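In: sequence and predicted structure are below.
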Amino acid sequence: MAKAVWNNTVLAESSNTELVEGNHYFPPESVKKEFLKETNYRTRCPWKGEAHYYTIEVNGEKNENAAWFYPETKEKARHITGYVAFWKGVRVEE
């Protein structure tokens, strides 16, 4: 079971993550969306597509653009469409 934790709060937990390029992508239903706010920040991956980002907010503290997802993906990344991954100090424990 993988668990994403930031600021002593579990943001996501699942035994069905997808591991891509060393990152655990959590199924949308396993993510606690009350801690996430979508931003306008975007990046592009040549084989996955355009990533959209969330800022995490827990107990009044913010971690800007610390989670991302692909609302639409290219063919080779279809299995992570809508899944959420974390970085910038978010611990992912297995």
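Out: Okay, I see it.
In: hmm, Arg42 is touching His52, no?
Out: Yes. Using CB atoms under 8 Å, Arg42 makes contact with His52 at a distance of 6.2 Å. Just so you know, the C-beta spots here come from the backbone N, C-alpha and C atoms, and that holds for glycine as well.
In: helices of the protein, start to end?
Out: For the chain, applying DSSP state H gives no helices.
In: so where is it shaky, pLDDT-wise?
Out: Counting by pLDDT under 70, not a single residue of the chain qualifies.
In: picking up where we left off before, what about Arg42 and His52, which has more around it?
Out: Neighbours per residue (other CB atoms under 10 Å) separate Arg42 from His52, with His52 holding more: 19 against 11.
In: thought the more buried one was touching Glu38?
Out: Yes. Proximity of His52 to Glu38 meets the contact threshold set by CB under 8 Å, at 6.4 Å.
In: neighbours of the nearest residue to Ala85 once chain neighbours are set aside, how many?
Out: Nearest non-adjacent residue to Ala85, counting by CB to CB, 6 or more residues apart in numbering: Asn23, 4.4 Å away. The number of residues packed near Asn23 is 16, by other CB under 10 Å.
In: what sits against Asn23?
Out: 85-87, 92 (CB atoms under 8 Å, 6 or more residues apart in numbering).
In: measure it to Glu61 for me?
Out: With distances taken as CB to CB, to the nearest Å, Asn23 is found 23 Å from Glu61.
In: now the strands for this protein?
Out: Taking DSSP state E as the test, the strands found in the chain are 2-6, 9-14, 18-20, 23-25, 36-45, 49-58, 61-69, 84-86, 91-93.
In: and Glu93, how far from Glu75?
Out: Counting by CB to CB, the separation of Glu93 from Glu75 is 31 Å.
In: of the two, which one has the most company?
Out: Neighbour comparison, Glu93 and Glu75: the larger count goes to Glu93, with 11 against 7 (by other CB under 10 Å).
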